[in-house]
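Trainee: Need a 3D model of the sequence below.
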Amino acid sequence: MNFSIQPVLENEHIRLSPLHESDFDALYQAAADPKIWEQHPNPDRWKKEAFQNFFEGAMTSQGAFKITDRTTEEVIGSSRYYDYNPADNSVFIGYTFYKTAYWGKGVNPMVKKQMLTYIFQFVDTLYFHVGAENIRSQIAMERLGAKKVKEEVVAYFNEASRLNFVYAIDKSMFI
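Mentor: Here you go, the predicted model:
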């Protein structure tokens, strides 16, 4: 891999910066709302012990971001690149969440546009794991132009495996 999966990405509204161990408290504060996780594969991530495991997985991935509102400098969520595959020149984007105050405000499309614009300089295809019961994220994928390509059971970092839908978007669909 001849590129970074943790660059700083930003526009006038949001900043994605590499996640660091010191970001735990601020990111947990953003994640501590049960509503965020009710459709996710692990709905207990709002609990500190479950979130600690999620955070450890994010740090282990070496591709995780904290997402900051540039106006307030408030940490509002996280996303990450993971599972780069040189054989088919692809990478996954996922494990994304936002504070509920930012839902419906266009934050997810802004974040994904930053991430896609950057990574499509280096890969041809992006994949997204979306929990089979996560209707909100499935709708978000469709709005982004991603297509459901398969279903698979995903083993989460120190969590039970869960059924996920895999969505894909390739460079030609985005440009």
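Trainee: which residues of the protein score low on pLDDT?
Mentor: Along the chain, the parts satisfying pLDDT under 70 run over 175.
Trainee: Just the helices from it, written as ranges.
Mentor: 24-31, 34-37, 48-61, 107-119, 135-144, 171-174 (DSSP state H).
Trainee: Among those, which comes closest to Asn89?
Mentor: Nearest to Asn89 among the helices of the chain is helix 171-174; the distance by CB to CB comes to 9.4 Å. C-beta coordinates here come from the backbone N, C-alpha and C atoms, glycine included.
Trainee: Identify the bridge partners of the nearest residue to Phe65 once chain neighbours are set aside.
Mentor: Distance criterion CB to CB, 6 or more residues apart in numbering; nearest residue to Phe65, sequence neighbours excluded, is Leu16 at 4.1 Å. Note on Leu16: beta-bridge partners Leu9, Ile67, judged by DSSP bridges.
Trainee: I'd like to know how many residues surround Leu16.
Mentor: 25 (other CB atoms under 10 Å).
Trainee: hmm, back to that, could I get the helices of the chain as JSON lines with distance to Ser78?
Mentor: Shown next, in JSON lines, are the helices of the chain (distance: least, CB to CB, whole Å):
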{"stretch": "helix 24-31", "distance to Ser78": "6"}
{"stretch": "helix 34-37", "distance to Ser78": "11"}
{"stretch": "helix 48-61", "distance to Ser78": "7"}
{"stretch": "helix 107-119", "distance to Ser78": "10"}
{"stretch": "helix 135-144", "distance to Ser78": "14"}
{"stretch": "helix 171-174", "distance to Ser78": "22"}
